[in-house]
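Peer 1: Task: produce atomic coordinates for the following.
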Amino acid sequence: MLDFLINNAWAAPAQQSAGFASFIPLIILFVVFYFILIRPQLKQAKQHRELVASLAKGDEVATSGGLLGKIKEVGDNFVVLEISKETQVKIQKQSVSIVYPKGTLKTI
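Peer 2: Here you go, the predicted structure:
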């Protein structure tokens, strides 16, 4: 009856996705995160593993908790650290953060 007043509704043509081009920003973001965040952390973790593996009796070290001392005994997971004469503590190897050159503790 009033069909001539109502326009036909046509669906919009389907937009085709750009495919690979739509993933380019995501790939660029991942590459940036890799070089700024992930890679430096992996490098630092590797250096710490090497430091812990190279601990030996007589090394002068500092722990992440702030203790300074000389290693008296090295075990698989723990080290005995002499922090002063006749005062020894047993700590986890992973808590060692810095190995100082020999003689450093005498200057402190």
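Peer 1: Now do the contacts for residue 62.
Peer 2: 68, 96-98, 100 (CB atoms under 8 Å, 6 or more residues apart in numbering). No exception for glycine: its C-beta is placed from N, CA and C like everyone else's.
Peer 1: Buried ones among the residues you listed?
Peer 2: 68, 96 (16 or more other CB atoms under 10 Å).
Peer 1: Tell me which entries of the contacts of residue 62 lie within strands.
Peer 2: 68, 96-98, 100 (DSSP state E).
Peer 1: can you redo those residues as JSON lines with distance to residue 23?
Peer 2: Listed next are the ones in strands among the contacts of residue 62 as JSON lines, based on distance: CB to CB, whole Å:
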{"residue": "68", "distance to residue 23": "51"}
{"residue": "96", "distance to residue 23": "44"}
{"residue": "97", "distance to residue 23": "41"}
{"residue": "98", "distance to residue 23": "43"}
{"residue": "100", "distance to residue 23": "49"}
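Peer 1: Output those residues in CSV, with pLDDT appended to each entry.
Peer 2: Supplementary listing: the ones in strands among the contacts of residue 62 in CSV, determined by pLDDT from 0 to 100:
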residue, pLDDT
68, 95
96, 96
97, 95
98, 95
100, 95
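Peer 1: For residue 91, grab the count of nearby residues.
Peer 2: By other CB atoms under 10 Å, the residues close to residue 91 number 19.
Peer 1: Just confirm it is within a strand.
Peer 2: Yes - under DSSP: H, G, I helix; E, B strand; the rest coil, residue 91 sits within a strand.
Peer 1: Strands of this structure, residue ranges please.
Peer 2: Counting by DSSP E, the strands of the chain are 60-63, 68-74, 78-84, 87-92, 96-100.
Peer 1: deepest of those strands, which one?
Peer 2: Comparing the strands of the chain by mean neighbour count (mean count of other CB atoms under 10 Å), strand 60-63 comes out on top with a mean of 20.
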